[in-house]
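# Following is a predicted model, sequence given first.
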Amino acid sequence: MTTPLLEVIRHAYPDATISYVAGAWSKVIPEHHPAVNRIIDCGNVGIPGRYSINDYMKFARLLRLFRFDMAFALDRSPMLTLLPWLAGVPRRVGPDSLGRGFSLTDRVPVSTSPDHLQHQADVYLDLARAIDLPIEQPRMRFVPTEAERQSVQRSGSQRLRIALFPGGGSNPGMELTAKRWPLERYSALAQRLMHELDAEIVLIGGAGDVALNQHLQNELNAPAGQVSDLTGKTTIGELAAQLEQCDLFIGNDSSPMHLAAAVGIPVIAIFGPTSPREYGPYPLDDARHIALWRKPHGQPCFFLGKMRACADCTCMVSVTVDDVWEAVQRLIPITKQDEVTR
């Protein structure tokens, strides 16, 4: 969700050297963005409980060696917004959430009310707005390498190719599997996609999703060649290349959902504890994306990085198979048009 800001920075400073600080588990994103010149691996610095003060200070000293002119601090943690100050960066732009941006030179207000939700990509773009950088048509972007694209085996079939992602909710330092739509509903949806649309189903996910997707595939009992399981078999870049060849993504609020939006295919995203107003497929006004959310009270349980106690845990089951099917019907004309223009 930081990639729209990268586009804006590159457009505003075409000759700049743009460095992106990221941990080992997430640096694949800037590695696949053409605006980035250099990636600086921060290791575990930034993941609560996984780094020491010595790790932190050593990394601050490393950043100081680069003599940066400006830093965009994209994390709300005061420990991370403090890093550019420790690194001697003269101009430091970042979100000021609950006063945690005290070390920044340009402190940009952020809403902390669940009644005024803002998409995370727009929170980052507000940093550009605050220093008067021009913004045109921001979007997420992830560009697979040619080698990654060549790894995709094309079947030659004319069927609709639909990626399903039933997993997710697992990140370093956080488990939020409450974001998963019930597996039996994915099974019912997949049956309908195959039998009524003759669609090819592509199951995707990481190593932690293998058992889940294997269980789903066993339930489908699909004809040969109509379901392929790529779970745990691809890198992030290879998965992006696979998604480029799909007509539609259907899945939970997750990094693969954002990856699908970033490679430019239509997305149906199913939400529960989180809100699509904060984390939906971006941009939110893109007619090719549909986010389904049936939160009873209109406020997310997950807010400001924390999961609140759930008083009415019905949000995921409130999204029905018919809801998703209706969204599929709305997007099929768009996927067909995309297929013609590819």
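Great, that's in hand. Residues are numbered from 1 along each chain as shown.
# Now do the contacts for residue 193.
Residue 193 makes contact with 160, 162, 199, 201, 328 under the criterion Cβ atoms under 8 Å, 6 or more residues apart in numbering. C-beta coordinates here come from the backbone N, C-alpha and C atoms, glycine included.
# Drop anything exposed from those residues.
Buried residues within the contacts of residue 193, counting neighbours by 16 or more other Cβ atoms under 10 Å: 160, 162, 199, 201, 328.
# Could you work out the most separated pair of those residues?
The span of the buried ones among the contacts of residue 193, defined through Cβ to Cβ, is set by 201 and 328 at 12.4 Å.
# Helices along the stretch 201-342 of the chain, start to end?
Remark: helices assigned in the stretch 201-342 of the chain by DSSP state H, counting those that start in this stretch are 210-220, 236-244, 255-262, 276-279, 321-341.
# Ignore what I typed, I meant the stretch 51-200 of the chain.
Taking DSSP H, counting those that start in this stretch, the helices of the stretch 51-200 of the chain run over residues 53-64, 78-81, 83-86, 120-130, 146-150, 183-197.
# Looking at residue 49 now. What's its pLDDT?
Looking at residue 49, its pLDDT is 87.
# Number of residues surrounding it?
When neighbours are counted by other Cβ atoms under 10 Å, residue 49 registers 7.
# With the one 4 residues further on instead?
Other residues within reach of residue 53, judged by other Cβ under 10 Å, total 8.
# Tell me which residues touch it, please.
Applying Cβ under 8 Å, 6+ apart, no residues contact residue 53.
# now it: how far from residue 100?
As for residue 53, its distance to residue 100 is 18 Å (criterion: Cβ to Cβ, to the nearest Å).
# Look at residue 41 and say how many residues are nearby.
Neighbour tally, residue 41, other Cβ under 10 Å: 12.
# Kindly report the same for the one 4 residues further on.
Summarising burial for residue 45: neighbours were counted as other Cβ under 10 Å, giving 20.
# State the three-state secondary structure for it.
Following DSSP: H, G, I helix; E, B strand; the rest coil, residue 45 is assigned to coil.
# so it makes contact with residue 57?
No - counting by Cβ atoms under 8 Å, residue 45 stays clear of residue 57, with 9.9 Å between them.
# The protein - how does it break down into domains?
Annotated domains of the chain cover 3-130, 157-341 [automatic domain parsing].
# ok, and which of these has the densest surroundings?
Neighbour counts averaged per stretch over the domains of the chain are highest for domain 157-341, at a mean of 18; criterion: mean count of other Cβ atoms under 10 Å.
# How far off centre is it?
Put simply, domain 157-341 sits 12 Å off its chain's centre (Cα atoms, centre = their mean, to the nearest Å).
# try stretch 117-135
Relative to its parent chain, stretch 117-135 has a centroid offset of 17 Å by Cα atoms, centre = their mean.
# can you dump the C-alpha coordinates of it into PDB?
Output in PDB follows, covering the C-alpha atoms of stretch 117-135 (Å, rounded to 0.1, in the frame of the first residue of the first chain):
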ATOM      1  CA  LEU A 117     -11.600   5.500   8.400                       C
ATOM      2  CA  GLN A 118      -9.000   6.300   5.700                       C
ATOM      3  CA  HIS A 119      -7.400   3.800   3.300                       C
ATOM      4  CA  GLN A 120      -3.800   3.100   4.200                       C
ATOM      5  CA  ALA A 121      -2.600   4.000   0.700                       C
ATOM      6  CA  ASP A 122      -4.200   7.400   1.100                       C
ATOM      7  CA  VAL A 123      -2.600   7.900   4.500                       C
ATOM      8  CA  TYR A 124       0.800   7.600   2.700                       C
ATOM      9  CA  LEU A 125      -0.300   9.800  -0.100                       C
ATOM     10  CA  ASP A 126      -1.300  12.500   2.400                       C
ATOM     11  CA  LEU A 127       2.400  12.800   3.100                       C
ATOM     12  CA  ALA A 128       3.000  13.800  -0.500                       C
ATOM     13  CA  ARG A 129       0.000  16.200  -0.400                       C
ATOM     14  CA  ALA A 130       1.400  17.800   2.800                       C
ATOM     15  CA  ILE A 131       4.600  18.900   1.000                       C
ATOM     16  CA  ASP A 132       2.700  19.800  -2.300                       C
ATOM     17  CA  LEU A 133       3.800  16.900  -4.500                       C
ATOM     18  CA  PRO A 134       1.500  16.500  -7.500                       C
ATOM     19  CA  ILE A 135      -0.800  13.400  -7.400                       C
END
